[in-house]
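Peer 1: Give the three-dimensional model of this entry:
(one chain, ligands or ions: 2)
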Amino acid sequence: MEKIILTGDRPTGKLHIGHYIGSISSRIKLQNEGDFDKMYIMIADAQALTDNAGNVQKVRDNILNVALDYLACGLDPQKCCLFIQSEVPALTEMTFYFSNLVTLSRLKRNPTVKEEIKLRGFEESIPVGFLTYPISQAADITAFGTTIVPVGEDQKPMVEQTREIVKAFNSTYGQVLTMPEAVIPKIKSQARLVGIDGKGKMSKSLGNCIYLSDEPEVIKQKVMSIYTDPDHIKVSDPGKIEGNVAFEYLDAFVKEDSFEKFLPEYKNMDELKSHYKRGGLGDVKVKMFLNNILQELIAPIREKRKALAEHPEKVYEILFRCCDEANLAANATLAKMKKAMGINYREYFAGGNKF
Ligand code: ATP
Ligand code: MG
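Peer 2: Ligands and ions are numbered 1, 2, ... in the order given. This is a model prediction of the structure:
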């Protein structure tokens, strides 16, 4: 079976370290290993409009921001297809047919959508498009025959919903759609990176992010404001690791050589954590260590991004070329779907069937 990868991001802001560790780093790893037939990365502008209907400018501006972040992180347009969702109309048509295979109560049960509704304060005023975006995600995934979806944990219910739609479509109309699988980071803090305030997931919509384009002083200032253990007041106090954002970030981002480079008096996270727990290790020292690790990660991305941002027209040229390619693949899937459903009328009558 072919190995086809698809992921995407909503153009609602610049990308942050949660995206990097939850999804982009796996994409780059997969890309560089080269063990796949096709890789699609989608800028989900139509999905972003489901909760930004009155703010098209924000969505439009962030298409470039997200594309710049992709290229700066090392996604290579020679190896993967970076396209814009609304430029591929077959996705909208597929969504419409998929909607008939999903119940309202099933949509309302989706835990990620539930959480997002609460965060946005939608209650009864929820736009229908927002509630149904998991259906449009099913179209995005299946249009390309996707087998692997490398995403953060919040997307697990979406891939689950897609799998149910694939099952329903194939059993109703015939075997057309490919069953996808989510690939989620194994390390908990990577699969769902918490925001700097420790309140929820790091998310563009919540303003609790460290961005891949942040300047060094901004990164440092954000790291210093990270939520730790409120009862760890004096350095000598014993500290708590659970719910301590600084340690969650260290678990997510520490590399094999990080201690040797930036904190040689400790060998590994276990040593650092046990010192913190028994007391005698201050938050500032932990945060300075984290700051060094994040500065090292972000600096090359930020600098490459600045260079790319000087030629936005070249970035759009890449995106539009990829949109053409994505249209070919999605149109082919839609044609197969319509044939299986028996709504390919022209083909049907041209094939000698009676009017
Ligand atoms: P928005 O607030 O507009 O929903 P977002 O920050 O949640 O933005 P998305 O564009 O919805 O970002 O998500 C893009 C990808 O990044 C998805 O694969 C998602 O699972 C992953 N991702 C987003 N936030 C995190 C996070 N905090 N930790 C790990 N992965 C994340
Ligand atoms: Mg999101």
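Peer 1: which stretches of the stretch 101-250 of the chain form helices?
Peer 2: Remark: helices assigned in the stretch 101-250 of the chain by DSSP state H, counting those that start in this stretch are 104-108, 111-120, 128-131, 133-142, 156-173, 188-191, 216-224, 245-253.
Peer 1: out of the ones you listed, which comes closest to ligand 1?
Peer 2: When the helices of the stretch 101-250 of the chain are compared by CB to the nearest ligand atom, helix 188-191 sits nearest ligand 1, at 6.1 Å. In short, each C-beta sits where N, CA and C put it, glycine included.
Peer 1: Please list the residues outside the closest one that contact it.
Peer 2: Ile21, Gly22, Gly152, Glu153, Ile184, Pro185, Glu248, Tyr249, Asp251, Ala252 (CB atoms under 8 Å, 6 or more residues apart in numbering).
Peer 1: circling back to that earlier point, which stretch in the helices of the stretch 101-250 of the chain has the least confidence?
Peer 2: Mean pLDDT across those is lowest at helix 111-120; the value there is a mean of 90.
Peer 1: quick one: that one to helix 156-173, angle?
Peer 2: 130 degrees (axes from the mean of the first three to the mean of the last three CA atoms, to 10 degrees).
Peer 1: Next, the buried residues of the host helix or strand of Glu313.
Peer 2: For Glu313, the host element (DSSP states H and E) is helix 312-341. Burial within helix 312-341, assessed by neighbour count using 16 or more other CB atoms under 10 Å, is assigned to 315, 318-319, 322-323, 326-327, 329-330, 333-334, 336-338, 340.
Peer 1: Which pLDDT value belongs to Asn353?
Peer 2: Per-residue confidence (pLDDT) for Asn353: 87.
Peer 1: The buried residues of helix 312-341: which two are farthest apart?
Peer 2: The span of these, defined through CB to CB, is set by Val315 and Ala340 at 37.4 Å.
Peer 1: show me the contacts for Ser203.
Peer 2: Contacts of Ser203 (CB under 8 Å, 6+ apart): Gly18, Leu119, Gly195, Cys209.
Peer 1: meant to ask about Tyr133
Peer 2: Gln47, Thr50, Val113 are the contacts of Tyr133 under CB under 8 Å, 6+ apart.
Peer 1: Tell me which of the helices of the stretch 101-250 of the chain is the most buried.
Peer 2: Most buried of these by mean neighbour count (mean count of other CB atoms under 10 Å) is helix 133-142; its value is a mean of 26.
Peer 1: could I get the contacts of Tyr133 as a markdown table with distance to Asn268?
Peer 2: A markdown table is the format used below for the contacts of Tyr133 (distance: CB to CB, whole Å):
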| residue | distance to Asn268 |
| --- | --- |
| Gln47 | 40 |
| Thr50 | 44 |
| Val113 | 39 |
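Peer 1: Show me the subset of these that also lies near ligand 1.
Peer 2: Applying CB under 6 Å from any ligand atom, the subset of the contacts of Tyr133 adjacent to ligand 1 is empty.
Peer 1: for ligand 1, what are the nearby residues on the chain?
Peer 2: So far as CB under 6 Å from any ligand atom goes, the chain lies against ligand 1 at 7, 9-10, 12, 18-19, 22-23, 151-152, 154-155, 192-193, 201-205.
Peer 1: change it to 8 Å
Peer 2: Where the chain comes near ligand 1, counting by CB under 8 Å from any ligand atom, the residues are 7-10, 12-13, 15-16, 18-19, 21-24, 44, 48, 51, 116, 150-155, 185, 190-195, 201-206, 209.
Peer 1: ok, and the closest non-adjacent residue to the residue of the stretch 51-200 of the chain at minimum distance from ligand 1?
Peer 2: Closest contact between the stretch 51-200 of the chain and ligand 1, by CB to the nearest ligand atom, is at Gly152 (2.4 Å). Spatial nearest neighbour of Gly152, chain neighbours left out: Gly22 (3.2 Å); criterion: CB to CB, 6 or more residues apart in numbering.
Peer 1: that's a helix at Met39, yeah?
Peer 2: No: Met39: not assigned to a helix; according to DSSP: H, G, I helix; E, B strand; the rest coil it is strand.
Peer 1: Look at it and say how many residues are nearby.
Peer 2: Met39 has 24 neighbouring residues, counting by other CB atoms under 10 Å.
Peer 1: Just the buried positions in stretch 259-270, please.
Peer 2: Using 16+ other CB under 10 Å as the test for burial, stretch 259-270 gives Phe259, Phe262, Leu263, Tyr266.
Peer 1: In a markdown table, list those residues along with secondary structure.
Peer 2: Listed next are the buried residues of stretch 259-270 as a markdown table, based on three-state DSSP:
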| residue | secondary structure |
| --- | --- |
| Phe259 | helix |
| Phe262 | helix |
| Leu263 | coil |
| Tyr266 | coil |
